[in-house]
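S.K.: sequence first, predicted coordinates after that:
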Amino acid sequence: GPFNAAVIALTINVGAYTTEIMRAGFLSIPKGQLEAASCLAMSRWQMFWNIQLPQAVERVYPALVSQFILMMLATSIMSQISAEELTGVAYQIQSFTFRGFEVYLVIAAIYLLLATGLRLLLHAVASVSFPRLRRLRTPL
């Protein structure tokens, strides 16, 4: 169905971007830290879980937040393949009432509230999840 196709398309798109963002995060970790972990006889799994993953996620978190907000805003494209979605519903309301400006103004306000709410939620998650950034007072 159209909804399943839209979800699969958005998942593939976001998955590709997220993979590249995480790859950049893993490549940003200095090799000396991995060598030090190897000297401490850590297994590859322990190195990944205790050293690489926390640092990579902390470094790329702002980019991931932006990507998830863009994905949320990209759901408006789903209406083009007849998937029930906010923009598609706005188009239906506009076609019945012939009040396009008001309908799309309300939809724009809803998208703005959703994006701002998601950003604030993810910023709160970051302030709890990354205590080092909180101690350094580094902006996320």
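M.R.: Noted; the coordinates are in hand.
S.K.: by mean pLDDT, point me to the weakest helix or strand of the chain.
M.R.: Across the helices and strands of the chain, mean pLDDT, DSSP states H and E gives its lowest value to helix 131-136, namely a mean of 71.
S.K.: and N4, what does it touch?
M.R.: With contact set as Cβ atoms under 8 Å, 6 or more residues apart in numbering, N4 has no partners. In short, each C-beta sits where N, CA and C put it, glycine included.
S.K.: quick one: end-to-end distance for stretch 80-94.
M.R.: Distances were taken as Cα to Cα, to the nearest Å; on that basis the terminal residues of stretch 80-94 are 16 Å apart.
S.K.: buried ones in it?
M.R.: Within stretch 80-94, the residues that qualify as buried by neighbour count (16 or more other Cβ atoms under 10 Å) are A83, E85, L86, T87, G88, A90, Y91, I93, Q94.
S.K.: ok, the first one touching P2?
M.R.: Okay, so that is A83. Yes: proximity of A83 to P2 meets the contact threshold set by Cβ atoms under 8 Å, at 4.4 Å.
S.K.: give me the neighbour count for V14.
M.R.: Counted with other Cβ atoms under 10 Å, the burial measure for V14 works out to 16 neighbours.
S.K.: that one - nearest residue in space that isn't next to it in sequence?
M.R.: Of all residues beyond its chain neighbours, the one nearest V14 is M71 (4.7 Å), with distances taken as Cβ to Cβ, 6 or more residues apart in numbering.
S.K.: contacts only, for that neighbour.
M.R.: Contact criterion Cβ under 8 Å, 6+ apart gives L10, N13, V14 as the residues in contact with M71.
S.K.: can you give me the neighbour number for the first one?
M.R.: This means L10. Summarising burial for L10: neighbours were counted as other Cβ under 10 Å, giving 16.
S.K.: per-residue confidence for it?
M.R.: For L10, the model assigns a pLDDT of 92.
S.K.: whichever strand or helix holds it: how far from the chain's middle?
M.R.: Secondary-structure assignment from DSSP states H and E places L10 in helix 2-27. Centre-to-centre, helix 2-27 and its host chain are 9 Å apart (Cα atoms, centre = their mean, to the nearest Å).
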